[in-house]
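Fold the following for me, if possible:
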Amino acid sequence: MANHARPARGATHNEVSQRFNLPQSAADGDWLDAREAIDGAPPKLRTTVTVEVPRTIISRNSSPDIPFDRSINPYRGCEHGCIYCFARPSHAFLDLSPGLDFETRLFAKPNAPALLTAEIGKRGYSVAPIAFGTNTDAYQPIEREWRIMRGCLEVLAVTNHPLTITTKSDRVVRDIDLLAPMAAKQLVAVAISITSLNPKLAMTIEPRAPSPAKRIAAIKALAAAGIPVYVSVSPVIPAITDHEIEHILARAADAGAQGAFFLPVRLPWEVAPLFKAWLEAHFPDRAAKVMATIRDIRGGRDNDPNFHTRFRGQGPWGQLLRTRFQIACRKHQLDRGQVALRTDLFRPPAGAQGQLFD
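Below you'll find the predicted structure:
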C-alpha cells in the first residue's frame, strides 16, 4: 500500500491488522490505488461517526503502574490523528485499521451519561476518581456536536463524584462552568498534553489537535478559574521533540500549571510500523537515529510492554530524560505532587436503586 504523508492526517497508510486474521485488502478495492496514481495525491478522507450503544461505560483496570482503577471513553477512535497514539491498536478489534481508520472512522457513545448515572447509582458502588482521556481524547473535535463528555460531566457534578481529565484540546475550557465549582470541592484535576511548542511540528505529529498556543491558553484559563491543572509533556520523541522539554515546562508554569509529568514515546503493536512509516515520510533524515534511541530507551526493542518500566524508559537515554525533566520541574516549581481528590462528598444520583449512606 502506498505510503503518503496526508494533509491533516497522522497515519500514512491504512493497513489492516494481522493479529486477528483480518482481511488484507481494503473494502474499497484496487481502484483506490489506481486513483492515487492518476490524481498524483491521496484522495481526501472524510470523518464519519457511527453510534455505538454499549451496555456499560466505566472500564476497570488493575494495572500496578496506573494511578487509577476506572476510566470512561465517550468515543472510539480519535480525529486528532496523533501518530504515536497507543490506542490505535484498539481499532483492530472492530475489523478496522489502526491507521487512517482510527482517525477517520469514529464511534460515539451517546448513552454514556445515562449508563454512568446507572452505574454509580448501584448499591455498593465504591467511589474513586474516574479518569477521562486515558485512551482517546474526550474533547476531540466531534465533542463539539455530540457533547457526550459534557453530559458525563453534568452527572458527576450533580453527584459530587471526583474525576480527572487528560486532553490536548482547549475545548475543555468550554466546561469551566462545571469544572470550577467541582474544583472548589477538590473533585477534579485536569492535565493538558503538550508535545511541542512549534506549531508546524505539532501539526505534523498531532494533525487535528489544537495548536500549542491554544493549549497554553487553556492552562491559563483553567488555572485562573481555580482548577488544578498540570502539563503532560507526553510523549517525548527523541531527536524530534526532546529538546523542548524545558521550554514546555517553563511556558506551562508561567501559564499557571501546578505540576507536570512526562512519558517517553511508546510503540505497542501496530503503532510501531505506523510510526516508522510516518518517520520515513516526514523525517527521513533522522528516522534511523530516532528508532535507535527509542530501542535504547526500550531495552533493545521497539516497545517495552512491562509494568513499571513501560512508562519510565530504561538505559542512559531514559535516565537522561528523567534527569532533565526533574531539574526543570524543580526550577519552575512543578514538582509539588498531585492534588488529592475527595471521595467523601459523593451522593448517588436521585432515584438510584441503592443508597451508599443509608
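
Just the terminal-to-terminal distance for stretch 107-125.
In stretch 107-125, first residue to last residue: 28 Å (CA to CA, to the nearest Å).

partners of the longest strand belonging to the chain, with directions?
For the chain, the strand that runs over the most residues, judged by DSSP state E, is strand 229-236. Using DSSP bridges, the strands paired with strand 229-236 are strand 188-193 (parallel), strand 259-264 (parallel).

what about the strands in this structure?
So, for the chain - with DSSP E - the strands run 48-51, 59-60, 70-72, 75-76, 105-108, 130-132, 163-167, 188-193, 229-236, 259-264.

Make CSV from those strands and add mean neighbour count and mean pLDDT to it.
Any C-beta I mention is one placed from the backbone N, CA and C, and that applies to glycine too. What follows is these, written out as CSV (neighbours: other CB atoms under 10 Å; pLDDT from 0 to 100):
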stretch, mean neighbour count, mean pLDDT
strand 48-51, 12, 98
strand 59-60, 12, 97
strand 70-72, 21, 98
strand 75-76, 23, 98
strand 105-108, 20, 98
strand 130-132, 24, 98
strand 163-167, 24, 98
strand 188-193, 25, 98
strand 229-236, 24, 98
strand 259-264, 21, 97
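
For Arg147, find the nearest of these.
Set against Arg147 and scored by CB to CB, the strands of the chain come closest in strand 105-108, at 10.1 Å.

Let me see the residues that make contact with the closest one.
47-52, 74-79, 91, 94, 96, 140, 142, 146, 148 (CB atoms under 8 Å, 6 or more residues apart in numbering).

Ala221: which of the strands of the chain is closest?
Across the strands of the chain, the minimum distance to Ala221, taken as CB to CB, is reached by strand 229-236, at 9.0 Å.

From the chain's centroid, how far away is the closest one?
Relative to its parent chain, strand 229-236 has a centroid offset of 11 Å by CA atoms, centre = their mean, to the nearest Å.

one step back: any chance of the strands of the chain in JSON lines, with distance to His308 too?
Shown next, in JSON lines, are these (distance: least, CB to CB, whole Å):
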{"stretch": "strand 48-51", "distance to His308": "37"}
{"stretch": "strand 59-60", "distance to His308": "20"}
{"stretch": "strand 70-72", "distance to His308": "20"}
{"stretch": "strand 75-76", "distance to His308": "28"}
{"stretch": "strand 105-108", "distance to His308": "32"}
{"stretch": "strand 130-132", "distance to His308": "19"}
{"stretch": "strand 163-167", "distance to His308": "20"}
{"stretch": "strand 188-193", "distance to His308": "21"}
{"stretch": "strand 229-236", "distance to His308": "17"}
{"stretch": "strand 259-264", "distance to His308": "13"}
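
so which of those gets nearest Leu274?
So among the strands of the chain, strand 229-236 is nearest, using CB to CB, at 14.0 Å.

for this protein, where's the lowest mean pLDDT among helices and strands?
Among the helices and strands of the chain, helix 31-39 carries the lowest confidence by mean pLDDT, DSSP states H and E, at a mean of 48.

Show the low-confidence segments of this structure, by residue range.
Applying pLDDT under 70 to the chain flags residues 1-4, 6, 13, 16-43, 352-358.

relative to strand 229-236, how tilted is the lengthiest helix in the chain?
Using DSSP state H to define each element, the chain has its longest helix at helix 315-331. With axes from the mean of the first three to the mean of the last three CA atoms, to 10 degrees defining the directions, helix 315-331 sits at 160 degrees from strand 229-236.

And the helices in the stretch 251-358 of the chain?
271-282, 287-297, 315-331 (DSSP state H, counting those that start in this stretch).

Including mean neighbour count and distance to Ile176, could those helices go into JSON lines?
Below are the helices of the stretch 251-358 of the chain laid out as JSON lines (neighbours: other CB atoms under 10 Å; distance: least, CB to CB, whole Å):
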{"stretch": "helix 271-282", "mean neighbour count": "20", "distance to Ile176": "33"}
{"stretch": "helix 287-297", "mean neighbour count": "18", "distance to Ile176": "37"}
{"stretch": "helix 315-331", "mean neighbour count": "15", "distance to Ile176": "26"}
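
between the ones you listed, which one is nearest to Ala253?
Taking CB to CB, helix 315-331 is the member of these nearest to Ala253, at 8.6 Å.

What helices and strands are in contact with that closest one?
With contacts defined as 3 or more CB pairs under 8 Å, 6 or more residues apart in numbering; DSSP states H and E, the packing partners of helix 315-331 are helix 245-255, strand 259-264, helix 287-297.

which residues touch the nearest residue to Pro210 once chain neighbours are set aside?
Distances taken as CB to CB, 6 or more residues apart in numbering put Asp170 closest to Pro210, at 4.9 Å, once the chain neighbours are dropped. Taking CB under 8 Å, 6+ apart as the criterion, Asp170 is in contact with Pro210, Lys214, Arg215, Ala217, Ala218.

Repeat the analysis, applying 6 Å as the threshold.
Residues in contact with Asp170 (CB atoms under 6 Å, 6 or more residues apart in numbering) are Pro210, Lys214, Ala218.

picking up where we left off before, ok, which of the helices of the stretch 251-358 of the chain comes nearest Leu116?
Nearest to Leu116 among these is helix 271-282; the distance by CB to CB comes to 29.2 Å.

hmm, who's touching that closest one?
Outside helix 271-282, the residues within contact range by CB under 6 Å, 6+ apart are Asn3, Ala5, Ala11, Thr12, Ile83, Arg88, Gly99, Thr204, Leu267, Ala287, Val290, Asp302.

centre of the chain versus that helix, how much separation?
That offset, for helix 271-282, works out to 19 Å (CA atoms, centre = their mean).
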